[in-house]
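> when you get a sec, could you give me coordinates for this:
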Amino acid sequence: MSNYANLQKIMDGKRTFGITPHIPGGFVLPETLIKIAQVAKKYNGVLKLTSGQRILITNLKEEDLKSIWKELDMEPAVKNQNSVKNVEICPANFCKRSKHPTIGIGMKISKNFHGMLLPNRTKIGVAGCRNACTSIYSKDVGVLVDVDGKFFISAGGSAGFYPRSADIITKGLSENEAYNLVKVILDYYNENGQMGEKLGDFIDRISIDIFRADVLKISNLKECL
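As a prediction, the model looks like this:
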């Protein structure tokens, strides 16, 4: 990493870098989008919409990185690889299929947990219906609304080198209960997971039954599957 930038593929000896500003949930003001475009154009950057609901600016020169970050006046999306890297949020408040306006809880989770240091990189998904447009079941932590308008939480998903489908922790939650359970899961993982161990691997090591029982006990919630 250099100035929160990643070295891109070296071609003909040319070294270029990519940066990713933090855009909570993928929701961005027109003014911010214009600023990103103007800065990218000034420094001959190439824009890429990422799967994590962010905008990558690549093809940048190393000597320009400091000036680029200053002109953007935005936080980097990732400051530490072993952290909550992003919270993906569906547009539930505007979607006709949504069972609950989940942008609020998604932004609350992003505000309070984005960048939180953990044993390994961690992704969170939030969706307002069972269509799970933010790929809930491949996320380390998933927050989803069922057909009855109640929340349920999943954990341990991964779409990486070793794919793993998430386990459902419990159902029938209020929005506040769902948020608190996410916090408990992250804290429990942070306290008991081994460095470099993905949440799904941690769950497999101690068993889903123990993991579920422990986080629900801490949260004062009952198992409902």
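
> how about the longest helix along the chain: buried residues?
Using DSSP state H to define each element, the chain has its longest helix at helix 175-192. Residues 175, 177-186, 188-189 are the ones in helix 175-192 that count as buried (16 or more other CB atoms under 10 Å). C-beta: built from backbone N, CA, C; applies to glycine.

> from these, pick the one nearest residue 224.
Distance to residue 224 across the buried residues of helix 175-192 (CB to CB) is lowest for residue 177, with 10.9 Å.

> hmm, the closest one is touching residue 219, no?
Yes: assessed by CB atoms under 8 Å, residue 177 is found in contact with residue 219 at 7.4 Å.

> ranges for the strands of the chain?
Secondary structure of the chain, counting by DSSP state E: strands at 6-7, 17-19, 46-49, 55-60, 84-89, 122-127, 141-145, 151-155, 167-173.

> now the last one: how far from the chain's centre is it?
The gap between the average C-alpha position of strand 167-173 and the chain average comes to 19 Å, counting by CA atoms, centre = their mean, to the nearest Å.

> now the fifth one
Averaging C-alpha coordinates over strand 84-89 and over its chain gives two centres that are 1 Å apart (CA atoms, centre = their mean).

> now that strand: buried residues?
84, 85, 86, 87, 88, 89.

> now distance to residue 197 too, for the residues you listed, in a markdown table please.
Listed next are these as a markdown table, based on distance: CB to CB, whole Å:
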| residue | distance to residue 197 |
| --- | --- |
| 84 | 15 |
| 85 | 16 |
| 86 | 20 |
| 87 | 21 |
| 88 | 22 |
| 89 | 26 |
